[in-house]
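> got a sequence here, can you build the structure:
(2 chains)
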Amino acid sequence: MNMIEAINSAMDIMLERDPNTVVMGEDVGFFGGVFRATAGLQKKHGKTRVFDTPINECGIIGVAVGMGAYGLRPVPEIQFADYIYPGLDQLVSEAARLRYRSANDFICPMTVRTPFGGGIFGGQTHSQSPESIMTHICGVKTVIPSNPYDAKGLLIAAIEDNDPVVFLEPKRIYNGPFSGYYDRPVEPWSKHDASAVPEDYYRIELGKAATVRAGEAVTVLAYGTMVHVAKTVIEEMGVDAEILDLRTLLPLDIDAIETSVKKTGRCLIIHEATRTSGFGAELAALVQERCFYHLEAPVERVTGFDTPYPHSLEWAYFPGPVRIATALEKIMKD
Amino acid sequence: MPETHRRPASNLPPLSLHIPEPRYRPGDTPDFGDIDVPAVEATPRPGEATKPDAMRDMCYGLVRVLDFDGQAKGAWDPKLSAERLRAMLRYMMLVRAFDDRMFRAQRQGKTSFYMKCTGEEATSVASTMAIDRADMCFPSYRQQGILIARDYPLIQMMNQIYSNRGDHLLGRQLPIMYSAPEHGFFSVSGNLATQYPQAVGWAMASASKGDSRIATVWCGEGSSAEGDFHSALTFATVYNAPVIFNVVNNQWAISSFSGFAGGERTTFAARAVGYGIAGLRVDGNDPLAVYAATQWAADRARTNNGPTLIEHFTYRAEGHSTSDDPSAYRAAQEASAWPFGDPIARMKQHLIALGEWDDAQHDALRAELDDLVKTTQKQSEKLGILGHGMHQPFETMFEDVFEQMPWHLKEQCDQMLAEQEKKFGPNWKPE
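Purely as a prediction, here's the structure:
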């Protein structure tokens, strides 16, 4: 399966297993979503379980809060993560706080799915990476898969979770891993181990990182598309790096990070989102707090730039192989 | 100014910007003589299945039942039993007694904040009494009448107001932001109109499950300007959700009069027209009209005829909250000049006109309710008041952010407990 099919399979299984699961969002019903993530689900599970919504993100998330309070398990789709902002108040002030402010009277077991990130010529409003904003909200979990197998297992766990989860889908790798070289052909997921996705139910616990590649020389912290770009660069450079795919940014697998950085003594953080106040800043602070006496070089960040996502200069913005290689050389120098 | 923003030279008249201004300010003598007060019999009662476009006039008229002589008349008379009418009066009087005492408690420094609903008691009490006990209410902050009309324990309301050790919400919420799921009362948010789409979602869920329960939701006319309000109406009309939207038009949003929410141009009930939703404009100081309109809307929702928007045309007789000074921005006599009177006085007058009540009974009931509130207050204050010690275990600060506490919150909790131990010693207990 590719990542889209894996995500589709997760929702299909949850619609089948739990009569309270509902899938909703712009174009998700009859049409099956602009990325086809919900294709076939309405036909199979019916119009009251999988349905289209008005173009109104505040309404989509707000209505989902009410559905969750009733006892449903809504899985709203925001068509692009860039459009989550009109619904952000319902996420920040309502969904995230409901359990706390009502002392468990009401909960909000919703999973907001949304494609994020660049690399598809989506311009300023179809390319953003809002994960650090999500992790700054108290009461929301943030999950980002990097391959089909994880996407399915994590999405099932997210839907079953009794807290609100933002499930950010790296759309650049929906159909295959991305090496970071935009001018090279993209290989499909079918040539990749992680495409061996079981048809049946399985789940991957939220809050656990995966070791993509073991190594001794440097720890690379990445998630989503950047896992694959990092892997390409590291293999090309022949660096003995350990790559951790964080998979869940909140709750974060701090033990895995600490263990790895203490072992390697070096840490490179990669994300596509803008640099200032990005999630890399949080990671760097945590590594510094917990591993300072084990570090042999300053923690480095490779990120997108602090500009709106450009359309025509997309590949100059994207943290690609050159930017990662330069940072790795710098961090490995001493 | 950039060159491109300059007005081109022409002989066109200059445009002017309109800034709404209320008709009366402090020192003015208000005169509401121009407000249309239609005769009680003037407003027809359409069938509950009537299509919204066939009842647009209802958005501009006024549903009334009680005339100013206390007689119930016209097509909207819900013809309630005397027992039910007395229950309604009792609940409204209890809300007022509760408000008065809690307002005073705030002034005595026993809590941080309070919001009265004086003059608006009918909009929550009568409305709640007209729906089913199992229906879900999504209140704003001025609907204490819902809890009272559903016999929620007064002491629990007070414990929440005092954030004391009996506070079911563990001192996390501002006073009056109650939560009571077993009484069909959704957790109150401080952000305005956010409950509107949530109520629609709840109603949609109920419909999709083949349930028979409906949702009702309240906001003020000021917060009908919020995007959430319009999101909610869009979703409700799209999915024909079984929901009742209440807009309590009490004329003032803190110091902004209703004109700043668009009230100069049309009625708030007329918001329904653009969405193809049934709209009713109701005399919000007439408990029977509020009851009848809500019952109409509930029957409509329950028979899959869709949502209704009810504008309760009323007046906020008190300040917005204990932090507000209305004498700074509005004419002093506005409340008394309001042409629709006081809902409790009108209910009393009606029961007396029916021969089912008298002044002595009324005074006795008022004394009984004052005493009930006072006794309950004493019990609640034994559990603590805000600012006099800390009433909740410290670690409750970190609980319920998530179902299970993640490592980072555990670490922060430990840090805070260590700080508190330094301050108070190891044997500190909540007061």
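> what residues does the stretch 201-350 of chain B have near chain A?
Applying CB under 8 Å from any CB of the partner chain, we find that the stretch 201-350 of chain B lies next to chain A at B:201-206, B:208-209, B:215, B:227-228, B:231-232, B:234-235, B:238. No exception for glycine: its C-beta is placed from N, CA and C like everyone else's.
> so what's the residue count around residue B:225?
The number of residues packed near residue B:225 is 18, by other CB atoms under 10 Å in any protein chain shown.
> now residue B:386
So residue B:386, with other CB under 10 Å, has 20 neighbours.
> now swap in residue A:239 and tell me
Neighbours of residue A:239 (other CB under 10 Å): 18.
> what's the separation between it and chain B?
According to CB to the nearest CB, to the nearest Å, residue A:239 stands 30 Å off from chain B.
> near chain B, which residues of the stretch 51-200 of chain A?
Selection of the stretch 51-200 of chain A residues close to chain B by CB under 8 Å from any CB yields A:53-54, A:56, A:58-59, A:61-72, A:74, A:86, A:89-90, A:93-94, A:97-107, A:138-139, A:141, A:161-163.
> right, and the helix or strand after the helix or strand hosting residue B:296?
If you go by DSSP states H and E, residue B:296 is part of helix B:287-302. Counting by DSSP H and E, the next helix or strand C-terminal to helix B:287-302 is strand B:308-313.
> got the angle between that next one and helix B:287-302?
170 degrees (axes from the mean of the first three to the mean of the last three CA atoms, to 10 degrees).
> which residues touch strand B:308-313?
Under the contact criterion CB atoms under 8 Å, 6 or more residues apart in numbering or on different chains, strand B:308-313 has outside partners B:59, B:62, B:120, B:122-123, B:127, B:221, B:233, B:244-249, B:267-269, B:271-272, B:275, B:277-284, B:290, B:293-294, B:296-297, B:300-301, B:340.
> coming back round to it: now the residues of the stretch 51-200 of chain A next to chain B: which count as buried?
Burial by neighbour count, 16 or more other CB atoms under 10 Å in any protein chain shown: within those this picks out A:53, A:56, A:58-59, A:61-70, A:72, A:74, A:86, A:89-90, A:93-94, A:97-103, A:105-107, A:139, A:141, A:161, A:163.
> out of those, list just those in strands.
A:74, A:141 (DSSP state E).
> ok, residue B:165 - contacts?
With CB under 8 Å, 6+ apart, residue B:165 has these contacts: B:159, B:383, B:384, B:391, B:392, B:430, B:431.
> show me the residues you listed that map onto helices.
residue B:159 (DSSP state H).
> could you flag which of the contacts of residue B:165 are buried?
By the neighbour-count criterion of 16+ other CB under 10 Å, the contacts of residue B:165 include these buried positions: B:159, B:383, B:384, B:391, B:392.
> could you dump the residues you listed into JSON lines with distance to chain A and pLDDT added?
Formatted as JSON lines, the buried ones among the contacts of residue B:165 follow (distance: CB to the nearest CB, whole Å; pLDDT from 0 to 100):
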{"residue": "B:159", "distance to chain A": "12", "pLDDT": "98"}
{"residue": "B:383", "distance to chain A": "16", "pLDDT": "97"}
{"residue": "B:384", "distance to chain A": "17", "pLDDT": "97"}
{"residue": "B:391", "distance to chain A": "14", "pLDDT": "93"}
{"residue": "B:392", "distance to chain A": "10", "pLDDT": "94"}
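> can you give me the offset of stretch B:330-349 from its chain's centre?
Relative to its chain's centre, stretch B:330-349 lies at 18 Å (CA atoms, centre = their mean, to the nearest Å).
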